[in-house]
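Novice: Structure for the following, please:
(chains A and B)
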Protein chains: 2
Amino acid sequence: MKVTLSSLDTCESSFTPLVVLELAQDVKEETKEWLKNRIVSKKEDGGAQLLFRPLLNKYEKETLENQNLYLVGASKITLLLGAEAIGLVKECNDNTMRAFTYGTRHNFKDFDDDNNDFLTMAECQFIIKHELENLRAREEKMIPGYPQAKLYPGKSLLRRLLTSGIVIQVFPLHDNEALKKLEDSWYTRFTLKYQPLDRIRGYFGETIALYFGFLEYFTVALIPMAVIGLPYYLFVWEDYDKYVIFASFNLIWSTVILEVWKRGCARMTYRWGTLVMKRQFEEPRPGFHGVLGINPVTGREEPLYPSYKRQLRIYLVSLPFVCLCLYFSLYVMMIYFDMEAWALSLHESSGSEWTSILLYVPSIIYAIVIEIMNRLYRYAAEFLTSWENHRLESAYQNHLILKVLVFNFLNCFASLFYIAFVLRDMKLLRQSLATLLITSQILNQIMESLLPYWLQKKHHVQVKRKVQALKADIDATLYEQVVLEKEMGTYLGTFDDYLELFLQFGYVSLFSCVYPLAAAFAVLNNFTEVNSDALKMCRVLKRPFSEPSANIGVWQLAFETMSVISVVTNCALIGMSPQVNALFPESKLDLILIVVAVEHALLALKFILAFAIPDKPRHIQMKLAKLEFESLEALKRQPSENIIEEKAPFTKEAKRENQMKLMAQNLKEDSREGNEEEA
Amino acid sequence: MKVTLSSLDTCESSFTPLVVLELAQDVKEETKEWLKNRIVSKKEDGGAQLLFRPLLNKYEKETLENQNLYLVGASKITLLLGAEAIGLVKECNDNTMRAFTYGTRHNFKDFDDDNNDFLTMAECQFIIKHELENLRAREEKMIPGYPQAKLYPGKSLLRRLLTSGIVIQVFPLHDNEALKKLEDSWYTRFTLKYQPLDRIRGYFGETIALYFGFLEYFTVALIPMAVIGLPYYLFVWEDYDKYVIFASFNLIWSTVILEVWKRGCARMTYRWGTLVMKRQFEEPRPGFHGVLGINPVTGREEPLYPSYKRQLRIYLVSLPFVCLCLYFSLYVMMIYFDMEAWALSLHESSGSEWTSILLYVPSIIYAIVIEIMNRLYRYAAEFLTSWENHRLESAYQNHLILKVLVFNFLNCFASLFYIAFVLRDMKLLRQSLATLLITSQILNQIMESLLPYWLQKKHHVQVKRKVQALKADIDATLYEQVVLEKEMGTYLGTFDDYLELFLQFGYVSLFSCVYPLAAAFAVLNNFTEVNSDALKMCRVLKRPFSEPSANIGVWQLAFETMSVISVVTNCALIGMSPQVNALFPESKLDLILIVVAVEHALLALKFILAFAIPDKPRHIQMKLAKLEFESLEALKRQPSENIIEEKAPFTKEAKRENQMKLMAQNLKEDSREGNEEEA
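Specialist: I've put the predicted structure just below:
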């Protein structure tokens, strides 16, 4: 039943270009030839069996620049076998989700041998990326023509080519027709409607679709808070009992929405197949280095780095450094407040126009310093995390996120905490909160999407003009598209987008009892944020490679932590308010004890709620149990001899097996890495 | 390769009796015949293919009582195939843990075709229990001879026989020789040494071995606390800064030990194979009732009960009832304190001898009332949980544990809380704590083990005398053993043993800064507790069926919750102490704020610690990842056609398949059931 690749034709007369490969300008012919050879040659010869051609034919080369661009595509059969290799999960005719295999392809919904719609374009590009990354060194000791770019058997060629600067970038092409359709149903018409998440997922992949899904969910979930918060602003309610009610609602609500999100997310990713999809065996990340050894999980040769060394680096260097930075950030904040007080006293003592301008100086300086510190810290965090030498990209990301998150949290909220709990000036707190929230939101949208979009458009016109000046005998549309897209910015992942939402959540929930209007502003912002983010994804940035994911990962934990902190802050704020203090005129002690008791009760309630709301809807649980049941069945039914296998050396047969071995799930590579899942 | 049972002889001339089946006295011959037939007949005829004989031969029947006892055994091949069916995990020759299959039996360590040591006796008995429970109704509409005992296709016969009272009990036999050896290495010699956990596991199974492992670990972990606590008693330190240090150490320590236990537990259960073992597909528990329908996970017919109804019963009846009971328990406690105060005032006003005796009356009454309430509540909780109609035994157990735990917690600690935080009488607190801890420990050991052991011994002598009075031509040893064991008490699971430890942990940690000596008493108690519990398991109670388990389940969560609560209580106690109050003579406010801040910091530290300590040691993680990797490989290698199978009707082939289907893991049957795993 199994179709081997060798029996298939690898060269089709025409192919849809899916991925672009940009080489450096001065790459040697020898290297180009070798690379091309490895990409197109058959699987059993260690190739990727993909389709590969230069963007420009030979005879055009003289006249045009951009001769170093190559297009990569794949035949249908390669894509389908690739889909099997990455463990893609698709819906079957009986409405269950199963891992796709070529042998059972006819059992899958919408599969048709004559039809190319079965795999989405994002999936095809992901498969090609996977095949390219899985091109591995065999006998080569180095990249031909580049003796300094060393190789060892099993090393991913593409990663070495990228780190050596021979390949500049690999990126997937936009599909202008599909993009247009997507845009039409997504953001070009300003009407209130849910986003076409399934379409977004089809075009950009699960990780990005999940971000937009979360953004939408979060916005809708904030509406009740905004609605309840509005009358506080409109009628200028100052009774603190009302604030208490609002804060309590807020706290319970934020727990509930985060729990319910998990359920919605599971429902979505089950439909998309990523909930069921076995996580791939992750390759060491490009920067990872170590002594060559045998990976105990896969038995393959790869660099190894002892975990205790990494732990030492984390706990003895990174942790103290982060603490130092946090201390420094607090120190700067204190200087700012001193300057502020000094400016105020100066202004009050002299009262001239000059000194009233001086009042703004500390804020401006502080804003600039914060921005500089943020940048510097980001670089330092990236350097440190990279120096910690994590084997997996996911571990690297988690450690980086943790570092950046803590620092950003402090930078954004430390001054608010100071105003709230040291200065105890609620008016100033409300003012600062509003200013910070609104300006950061407006600035973000402009800097992130609108300005780049405008620049992009200008550049587009220039390129168009250039292309029109060319003779007409080349494929001008494709040429134009590739040249245009290769200059676009690269999407660096959902990190910054989630961070924005995270800080917004902080502004809304940490001091919600002081400024109930924050939720309304957040909702307003998010309605436009959806559109500006969509614009950014569709028009400003290079199309990113799709990335399968089953949940929002460490962000779930981050949001939950924020909601725990907000219980503490809100209780403290209510306890400090003069209205509540007026209720206990004779005994501050009772007041504090009551506040502490209420806080503990709320925290306990939060944990009980989180415990009592199941993470997955019941019908998803049933389907997962069924899958588990069947996979156990399947394991039982296979001939027992296979279970213990000899380690086959590099025979031709073993090649394919080896290829497949890369796909397994390395459950918990680093002890720390696994933790965010459990939490 | 696969050996089918049909090709094997089911009748061996002699067999080792492993399990005893006791029928009711008046069971009809017809039913006995049918049951025997079903137990011994071949697998393909729907039998269990076990060995079965009456304890007494025909000609002995006239003279002896106990004619309703039957012995069950199994041939070696049945046991091995059963081991494959339950997914038993054993060590291979290459030191990896793998699911045993008959086909690959020679790859497993210590396997020898001529040798019976491969499976432990506990495992054999578990397999027989499994085979007996998996005897399922086919065409029968009822138990022959008992029209009121209805059956439906697929219903477990043994369960129906038990619920109809036809089978009185099924229990595994002790192995006196092995038991003697186990006892010798375990508790008969009073020397300080670790328990032979692997042997205990081999004899009693994993659940009980884990209890003793936890008991030992917990005792050893308490030693540092006991050692640090001793000088407080010896030198009568009253400086509260010292108490603060002790309490802080305690809090961090209790977090660390609970986290480290998880790691030790994973190491142990990996060695035993249960960490890797796929959880079996759980059958509906005996009391479960519902409308016959198709189980969506397995596709088998069984009673179904809608989950929303269960939720309604839990939240609308059980929850309010439990709250009411808790309220009532508090109310009784208040009456006790009132009585106490009344007795004291009476004694002080009159001062006679009569009234001084009266002083003890409230305590005695309260102790009796508490005991009565505990019993009543236990019955009520069992009734309610059974009425909630949980499908799985594990779900039933978890809900019962939760109910009983909350009530016991309140009953044991409410008076201490009242003394500590309302009366604020630290001397009385210390006194009550010591009294409660020491008396409960001594009483427990006597009531639980020593008294039953003494009664058991007396009964043993009687039985011996009776047997000696018989003629010598029957197998007197076996007869004596079976008759003796059938009268022994049944071990009701580890619940009460863990509960005892849990309450002890409460006494040690909740008020540790007031009574540092508690840890020392706990350590002393646990040293003897090991021995008395061991005595109970070996000599007082029926041998329990082995039960595979990979961790201590919901108890981990219970202990962790206790350690969180103890942070709060200890911080509050320290804040209330006069010594600390003396440090802040002018401002109580500052004191409270500092205490609250410290408490929050400690809680945060606890959570960070729990997060930072990986739940499984690195080498176990690696081994699990490798297994995962290999199982993925195995799934890939099997012919794709098998993946989607038709649902075969009741053909002979499908029989065996159906049999195997029962073994799968029903990951999260009830939404709530899964939660204790994630927590």
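Novice: Contact partners for the residue located most distally from the centre of chain A?
Specialist: Distance from the C-alpha centroid of chain A, by Cα atoms, centre = their mean, peaks at residue A:586 (53.2 Å). By Cβ atoms under 8 Å, 6 or more residues apart in numbering or on different chains, residue A:586 lies in contact with nothing. All C-beta spots, glycine's among them, are computed from the backbone N, C-alpha and C.
Novice: Tell me the secondary structure at the residue of the stretch 1-150 of chain A found nearest chain B.
Specialist: Proximity of the stretch 1-150 of chain A to chain B (Cβ to the nearest Cβ) peaks at residue A:103, 2.8 Å away. Under DSSP: H, G, I helix; E, B strand; the rest coil, residue A:103 falls in the coil class.
Novice: Ramachandran angles for the residue farthest from the centre of chain A?
Specialist: phi -90, psi -30 (degrees, to the nearest 10).
Novice: Now do the same for it: its pLDDT.
Specialist: Note for residue A:586: predicted pLDDT of 77.
Novice: so how many other residues sit close to the residue of the stretch 1-150 of chain A closest to chain B?
Specialist: 16 (other Cβ atoms under 10 Å in any protein chain shown).
Novice: Got the phi and psi for the nearest residue to residue A:448 once chain neighbours are set aside?
Specialist: Spatial nearest neighbour of residue A:448, excluding adjacent residues (Cβ to Cβ, 6 or more residues apart in numbering or on different chains): residue A:536 at 6.2 Å. Phi and psi for residue A:536, reported as degrees, to the nearest 10, are phi -60, psi -50.
Novice: got the buried residues for the host helix or strand of residue A:327?
Specialist: For residue A:327, the enclosing helix or strand under DSSP states H and E is helix A:319-350. Buried residues in helix A:319-350, defined by neighbour count with 16 or more other Cβ atoms under 10 Å in any protein chain shown: A:322, A:325, A:326, A:329, A:330, A:332, A:333, A:336, A:337, A:339, A:343, A:347.
Novice: How about stretch A:492-502?
Specialist: Quick answer for stretch A:492-502 (16+ other Cβ under 10 Å): A:494, A:497, A:498, A:499, A:500, A:501, A:502.
Novice: Can I get those in CSV including distance to chain B and pLDDT?
Specialist: As requested, those are exported to CSV (distance: Cβ to the nearest Cβ, whole Å; pLDDT from 0 to 100):
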residue, distance to chain B, pLDDT
A:494, 23, 89
A:497, 25, 91
A:498, 20, 93
A:499, 21, 91
A:500, 25, 90
A:501, 23, 93
A:502, 18, 94
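Novice: Check which helices and strands the host helix or strand of residue A:439 sits against.
Specialist: Taking DSSP H and E as the definition, residue A:439 sits inside helix A:426-445. Contact partners of helix A:426-445 among helices and strands, from 3 or more Cβ pairs under 8 Å, 6 or more residues apart in numbering or on different chains; DSSP states H and E: helix A:393-417, helix A:495-510, helix A:518-535.
Novice: what about the longest one, average pLDDT?
Specialist: This points to helix A:393-417. 90.
Novice: separation between the residue in the stretch 151-300 of chain A that chain B sits nearest to and residue A:538?
Specialist: Across the stretch 151-300 of chain A, no residue is closer to chain B than residue A:297, which sits at 4.8 Å (Cβ to the nearest Cβ). To residue A:538, residue A:297 is 40 Å away according to Cβ to Cβ, to the nearest Å.
Novice: helices or strands up against the helix or strand that the helix holding residue A:327 is followed by?
Specialist: Once the chain leaves helix A:319-350, the next helix or strand it forms, by DSSP H and E, is helix A:353-358. Counting contacts by 3+ Cβ pairs under 8 Å, 6+ apart, helix A:353-358 is packed against helix A:319-350.
Novice: Would you mind getting the angle between the helix it packs on and helix A:393-417?
Specialist: 20 degrees (axes from the mean of the first three to the mean of the last three Cα atoms, to 10 degrees).
Novice: What is helix A:319-350 packed up against?
Specialist: Checking 3+ Cβ pairs under 8 Å, 6+ apart, helix A:319-350 ends up next to helix A:353-358, helix A:361-387, helix A:393-417.
Novice: now the second one, how far from the chain's geometric center?
Specialist: With Cα atoms, centre = their mean, to the nearest Å as the basis, helix A:361-387 stands 21 Å off its chain's centre.
Novice: Just the buried positions in it, please.
Specialist: Of the residues in helix A:361-387, A:362, A:366, A:370, A:373, A:374, A:377, A:380, A:381, A:384, A:385, A:386 count as buried by neighbour count, 16+ other Cβ under 10 Å.
Novice: Save the residues you listed as a markdown table, and put in distance to residue B:135 and pLDDT too.
Specialist: What follows is these, written out as a markdown table (distance: Cβ to Cβ, whole Å; pLDDT from 0 to 100):
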| residue | distance to residue B:135 | pLDDT |
| --- | --- | --- |
| A:362 | 83 | 82 |
| A:366 | 78 | 84 |
| A:370 | 73 | 83 |
| A:373 | 72 | 89 |
| A:374 | 69 | 85 |
| A:377 | 67 | 93 |
| A:380 | 68 | 93 |
| A:381 | 63 | 94 |
| A:384 | 63 | 94 |
| A:385 | 59 | 93 |
| A:386 | 61 | 91 |
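Novice: Contact partners for the closest residue to residue A:83 other than its chain neighbours?
Specialist: Leaving aside its sequence neighbours, residue A:83 sits nearest to residue A:100 (Cβ to Cβ, 6+ apart; 5.1 Å). Residues near residue A:100 by Cβ under 8 Å, 6+ apart: A:80, A:83, A:84, A:88, A:89, A:90, A:108.
Novice: try 10 Å this time
Specialist: A:80-81, A:83-92, A:107-108, A:111, A:118-119, A:123, A:273, B:640 (Cβ atoms under 10 Å, 6 or more residues apart in numbering or on different chains).
Novice: so which of the buried residues of helix A:361-387 comes closest to residue A:185?
Specialist: Nearest to residue A:185, judged by Cβ to Cβ, of the buried residues of helix A:361-387 is residue A:374 at 36.2 Å.
Novice: roughly how far apart are the closest residue to that closest one other than its chain neighbours and chain B?
Specialist: Once flanking residues are discounted, residue A:374 sits nearest to residue A:411: 6.3 Å by Cβ to Cβ, 6+ apart. Separation of residue A:411 from chain B (Cβ to the nearest Cβ, to the nearest Å): 20 Å.
Novice: what's the burial count for residue A:411?
Specialist: 21.
Novice: Over to residue A:516?
Specialist: By the criterion of other Cβ under 10 Å, residue A:516 has 24 neighbours.
Novice: residue contacts, the spatially most central residue of chain A?
Specialist: The centre of chain A sits closest to residue A:494, judged by Cα atoms, centre = their mean, with a distance of 3.1 Å. Applying Cβ under 10 Å, 6+ apart to residue A:494 gives the contacts A:207-208, A:210-212, A:214, A:501, A:533, A:544, A:547, A:549, A:552-553, A:555.
Novice: Now render the helices and strands packed on helix A:319-350 as a markdown table, adding distance to residue A:432.
Specialist: Formatted as a markdown table, the helices and strands packed on helix A:319-350 follow (distance: least, Cβ to Cβ, whole Å):
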| stretch | distance to residue A:432 |
| --- | --- |
| helix A:353-358 | 19 |
| helix A:361-387 | 10 |
| helix A:393-417 | 6 |
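Novice: of those helices, which approaches residue B:31 most closely?
Specialist: With Cβ to Cβ as the criterion, residue B:31 lies closest to helix A:393-417 of these, at 61.0 Å.
Novice: Residue A:25: what secondary structure?
Specialist: From three-state DSSP, the assignment for residue A:25 is coil.
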